[in-house]
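1. Just the structure for this:
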Amino acid sequence: MNLLNPLGLLALLTIPPVILLYLLKLQRIPVRVPSVLLWPRFIQDMQANQPFQKLRFSILLLLQILVLILAATAFARPYYQTRKPSGQSIVLVLDASLSMQATDVAPSRFEAARSEALRIAGALEPSDEMMVVEVSSHTRVLSGFTRDANTLRNAIRAANPADCRGNLREALALSISLAKEKTNTVVYVLSDGATGEPVEMTVPQGIEVRFIPFGERANNVAITSMNVRETYGRDARHQLFIAARNYGPEQVRCQVEISMEGRLINVETLTLPPGQQVQHLVDDAQLTSGIIEATLDVDDDLEPDDTARILFQERQSHRVLVVGEGNPWLEAALAADPKVEAYALEPSQYDPDKPEHLEYDVTIFDRWAPPTLPDGDVLLVAVAPEGGPVTDRGEPFRDPSILDWDRRHPVLQHVDFANVGLAAMMQVDLEPWARGLVTTAAGPLMAAGETERMRVLFVGFNLEESSFPLRVGFPIFVRNAIQWLTTDPSGSEAQAYATGTTVTLRFPAGTQEVTVTRPDGSTELVPVRPGGGAAEEENQATVGPASVSGGVTLTYDQTGKSGIYTFAAEGHPAERIAFNVNDPEESDVTPRREMELVAGQPLGASGHVRSTQELWRWLAVVALVILCVEWVVYHRRIG
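-> Numbering: from 1, shown residues only. Have a look, this model is predicted:
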């Protein structure tokens, strides 16, 4: 046994003064009485308290000395060491996705999970360590492994829910990778399990995953989609399309309020059967450019997906130049669009050095192109010149089959490639700045990309040798292509992005920073970077004109809250962008009670640490008990 504070034994020096008090004569007040026969005990006390006589046995003195010995020993802090299993390494995964904002658990699932997380952090043993991981639009490590409870509590309090899906599988994979070198690891998953798909992954043995579920019911109605469409033909009119889904077990009848720049313009009534989606069309909607907002007037458990917003821009007329030997299918699709003025040139008539040939909004090269692409917005059909988004490998591929296409890209919205027949296609390689839109076994069939000087769409097959022009979606594709290639980067009149999308915006040269105003009114200054590269990866979007020569770009990914974000820079018009939930799976707030996890190989044997066990608390308790006994004995003697 060792002592952490040996100087505490100096408290033993208080014992001699206590004994001395028993040896000294007590000072008494003289009182005259008729006889001492009635006071024999006081006579004995007077004899016992004669100074410096032989000390008589006293149980009180013994108890008091014992209390002092115990107190002095406690002050010295005695301890002994033992070997015990090492403390736990705890990974706390806190789900901060949209569904965790459901209020079926008061005040919300997320706040209930936060309270549980704080409880776990407060119950850590001295040898335990913990880290905190937040799951929302991005997986974030809020705190690395630490034993400091205050640091952990601050990290948990800093977590905030987002209006988008969280990748629970990604968070678990990150947690396991960070804890794989640890022993005795426990991963707490605080979630409602409403991930849209089962979390199935291999968990190494030696890591225990404990799922703590939150949520009681699925009472939610959500706007899952909203868009503005323009009918085809010369008498085109606008139609507002709204899709809403009832995730609850009972039919819901509610109103949807439609406003334009905050001004109420229409109220529609929706009847939603349980578990069903209803599509509602507002025909001949009188819309002007601005923010259109639709809000469900419904009492449910999740609020953010009750509202959707889109930035509507009335289409402008575009001048399109078609360079080729003539393509009746393409010419007919262009002629059907009242916002397009199409002009045609034969290849021998086209000269990229003539200014009048560069004044068109879009140039279409059909099966012919100049050796080098000119600056501007270009549609390439069955041709791959130098400087384009693809490089031709040579031999065409016969009878290709379309495997998949990017339905989220603006060019392919409302376009179906199922059962489209092709006689042949070009075999090409994508440039680093390009993105494949339609894929086959032989490679990309369509591709899109942009640089500082151009935006290009590539179609890798001859339209006349396919069934695509015969499909209903062909004129839609042509209109989407023209719209995407021009000033509106969304490729449609109504622009909105899913929450959590990373956006890249372009600003003129000389811009140093951009002021971002979030939906809640808070602002932040974000620095820009040189260049104008496009963000064409999944869950990313490029906003702004394609050609800002010598400009700078801003990449912004803090879009987890639904609403309108405003990006303003000095000398540049403010850019407004709408972000909506638009996630039918995340709006399904049905809680799950278990997760599918598969056990793997063990990580290794658990370790041991030397532990210091102090005894002063037990000594203090014993001293307190003896002090109580001494008090009882004293009062019985004088009673």
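2. tell me the helices in the stretch 351-500 of the chain, going along the chain?
-> Per DSSP state H, counting those that start in this stretch, the stretch 351-500 of the chain carries helices over the ranges 473-485.
3. Give me the below-cutoff pLDDT ranges for it.
-> For the stretch 351-500 of the chain, the stretches with pLDDT under 70 are 487-494.
4. can we see that at 80?
-> Applying pLDDT under 80 to the stretch 351-500 of the chain picks out residues 452, 487-494.
5. quick one: the strands in it?
-> Ranges of strands within the stretch 351-500 of the chain are 362-366, 376-381, 390-392, 397-398, 402-405, 424-425, 428-430, 434-440, 443-450, 454-459, 494-495, 497-498, based on DSSP state E, counting those that start in this stretch.
6. May I see the ones you listed organised as a markdown table, with mean neighbour count and distance to Tyr565 added?
-> For every residue, glycine as well, the C-beta is placed using N, CA and C. Below are the strands of the stretch 351-500 of the chain laid out as a markdown table (neighbours: other CB atoms under 10 Å; distance: least, CB to CB, whole Å):
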| stretch | mean neighbour count | distance to Tyr565 |
| --- | --- | --- |
| strand 362-366 | 25 | 29 |
| strand 376-381 | 23 | 26 |
| strand 390-392 | 17 | 34 |
| strand 397-398 | 14 | 43 |
| strand 402-405 | 16 | 29 |
| strand 424-425 | 22 | 40 |
| strand 428-430 | 17 | 31 |
| strand 434-440 | 22 | 24 |
| strand 443-450 | 25 | 22 |
| strand 454-459 | 24 | 23 |
| strand 494-495 | 22 | 12 |
| strand 497-498 | 21 | 9 |
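7. Minimum distance to Lys561: which of these has it?
-> Across these, Lys561 has its closest neighbour in strand 497-498 (12.2 Å, CB to CB).
8. What pairs with the closest one, parallel or antiparallel?
-> Here strand 497-498 is paired, per DSSP bridges, with strand 572-580 (parallel).
9. For Glu341, give me its contacts.
-> Residues in contact with Glu341 (CB atoms under 8 Å, 6 or more residues apart in numbering) are 317-320.
10. go with 10 Å
-> 317-321, 334-335, 360-361 (CB atoms under 10 Å, 6 or more residues apart in numbering).
11. re the thing from before, how about the strands of the stretch 351-500 of the chain in a markdown table, adding distance to Gly193?
-> A markdown table is the format used below for the strands of the stretch 351-500 of the chain (distance: least, CB to CB, whole Å):
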| stretch | distance to Gly193 |
| --- | --- |
| strand 362-366 | 48 |
| strand 376-381 | 46 |
| strand 390-392 | 43 |
| strand 397-398 | 45 |
| strand 402-405 | 29 |
| strand 424-425 | 44 |
| strand 428-430 | 38 |
| strand 434-440 | 33 |
| strand 443-450 | 37 |
| strand 454-459 | 41 |
| strand 494-495 | 33 |
| strand 497-498 | 22 |
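12. looking at those strands, which is closest to Asp163?
-> Comparing the strands of the stretch 351-500 of the chain by their distance to Asp163 (CB to CB), the top pick is strand 497-498, with 9.7 Å.
13. Outline the domain layout of this structure.
-> Listed domain ranges for the chain are 2-82+613-638, 87-216+597-606, 224-306, 318-485, 500-580 (source: automatic domain parsing).
14. Spatially central residue for this protein, please.
-> Centrality entry for the chain: nearest residue to the mean C-alpha point is Ser136, 1.8 Å, by CA atoms, centre = their mean.
15. Pull up the per-residue confidence for that one.
-> What the model reports for Ser136 is a pLDDT of 87.
16. And the one 10 residues further on, by the same measure?
-> At Thr146, the model reports a pLDDT of 93.
17. Likewise for Ala541?
-> What the model reports as pLDDT for Ala541 is 62.
18. go on, Ile638?
-> The model's pLDDT for Ile638 equals 64.
19. Then Val625?
-> Reading off the model, Val625 has pLDDT 90.
20. Would you double-check that it falls in a strand?
-> No: assessed with DSSP: H, G, I helix; E, B strand; the rest coil, Val625 is helix; it does not lie in a strand.
21. ok, it - contacts?
-> Residues in contact with Val625 (CB under 10 Å, 6+ apart) are 67, 70.
22. Which one of the domains of the chain lies nearest to Glu586?
-> domain 87-216+597-606 (4.4 Å).
23. I'd like to know which helix or strand in this structure has the lowest mean pLDDT.
-> Within the chain, no helix or strand scores below strand 597-602, which has a mean of 47 by mean pLDDT, DSSP states H and E.
24. would you list every one of the strands in the stretch 1-150 of the chain?
-> Counting by DSSP E, counting those that start in this stretch, the strands of the stretch 1-150 of the chain are 2-3, 78-85, 89-95, 129-135, 139-146.
25. Mind putting those strands into CSV with distance to Thr553?
-> As requested, these are exported to CSV (distance: least, CB to CB, whole Å):
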stretch, distance to Thr553
strand 2-3, 64
strand 78-85, 53
strand 89-95, 33
strand 129-135, 27
strand 139-146, 24
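26. pLDDT score for Gly233?
-> With respect to pLDDT, Gly233 scores 60.
27. from now on call the first residue 11
-> Okay, residue one is now 11; in that scheme the one you just asked about reads as Gly243.
28. Now render the contacts of Glu351 as CSV, adding secondary structure.
-> Shown next, in CSV, are the contacts of Glu351 (three-state DSSP):
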residue, secondary structure
Ser327, coil
His328, strand
Arg329, strand
Val330, strand
Leu331, strand
Leu344, helix
Ala345, helix
Tyr370, coil
Asp371, coil
